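Participant: following is a predicted model, sequence given first.
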Amino acid sequence: MALTNLSVVDYEDVEVDFDVPSVDETVGLDLDEIINEVQSLVQYAVDHIQSQFITPWEDAEALYNGATNIAKEEGRSQVTATKVRDTIRAVKPSLMRVFATSDRIAEYRTMNIQFEPIAEQQTILANTSFWTYAGYNVLSDVIYDACVKGTAITKTWNDKQKTAEFFEITGATQEQINGFDQTPDVTVTAIYTSESSSDGTSKSASTSS
């Protein structure tokens, strides 16, 4: 596999040619106009990534995997040395340890002593979230992209929307089912009655939480 016309993007020279509306310019816009404006900016961002970054990233990934844009000569070795890949694989564990060895991935500080308890709570939340929501894997991907592609992009968000989980419980008595139904954030969605070899009947409850 040979690559030709490899391009290198100087990220500092990339120009963004659209104007973000100021607060004064958005006053008086209705909801539909704001939604359309946001959708337009999001689409511009997607198009910008695809036009300016995707091709160099794909080329860098191919080179990392052993591809080359150097013409092969007859009679000479066709082996490609993967020095860059070997170096990245060797240095990545050390970079991971730099960030992940400490008990605190991030620490918030304040200049005002009155806000120290809040800063401490923010620190606990940030570190707990990092380990709870696969932050280690995200950090690994970021280091990989930074080493291979020259830049790394990641994003985080907070989604407060609740997701229902369904469970089926067998052999439950009516008293237990009533207890499930009275439990906060638990709803009994269906009750099935079947014959049992012991007392004649048994019940299964399908619940969601």
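Facilitator: Yep, it's here. Residues are numbered from 1 along each chain as shown.

Participant: am I right that Glu107 is in a helix?
Facilitator: No. Read with DSSP: H, G, I helix; E, B strand; the rest coil, Glu107 is coil and lies in no helix.

Participant: ok, the nearest residue to it once chain neighbours are set aside - how many residues close by?
Facilitator: In this structure, Glu107 finds its nearest non-sequential neighbour in Thr123, 5.1 Å apart by CB to CB, 6 or more residues apart in numbering. No exception for glycine: its C-beta is placed from N, CA and C like everyone else's. When neighbours are counted by other CB atoms under 10 Å, Thr123 registers 16.

Participant: what helix or strand is Thr123 on?
Facilitator: Assigned by DSSP states H and E, Thr123 falls within helix 116-132.

Participant: for Ile169, same thing?
Facilitator: For Ile169, the host element (DSSP H and E) is strand 166-172.

Participant: the helix or strand following that strand: how far from the chain's middle?
Facilitator: Later in the chain than strand 166-172, the nearest helix or strand by DSSP H and E is helix 174-182. Taking the mean of its C-alpha atoms, helix 174-182 sits 39 Å from the chain's own mean (CA atoms, centre = their mean, to the nearest Å).

Participant: by contact count, what packs against helix 174-182?
Facilitator: Helices and strands touching helix 174-182, as assessed by 3 or more CB pairs under 8 Å, 6 or more residues apart in numbering; DSSP states H and E, comprise strand 166-172, strand 187-196, strand 200-208.

Participant: flag every buried residue along that helix.
Facilitator: 177, 180 (16 or more other CB atoms under 10 Å).

Participant: that helix vs strand 166-172, what angle?
Facilitator: Inter-element angle recorded for helix 174-182 and strand 166-172: 160 degrees (by axes from the mean of the first three to the mean of the last three CA atoms, to 10 degrees).

Participant: what mean pLDDT does helix 174-182 get?
Facilitator: Across helix 174-182, pLDDT averages out at 82.

Participant: can you list the strands that the strand holding Ile169 pairs with?
Facilitator: strand 200-208 (antiparallel) (DSSP bridges).
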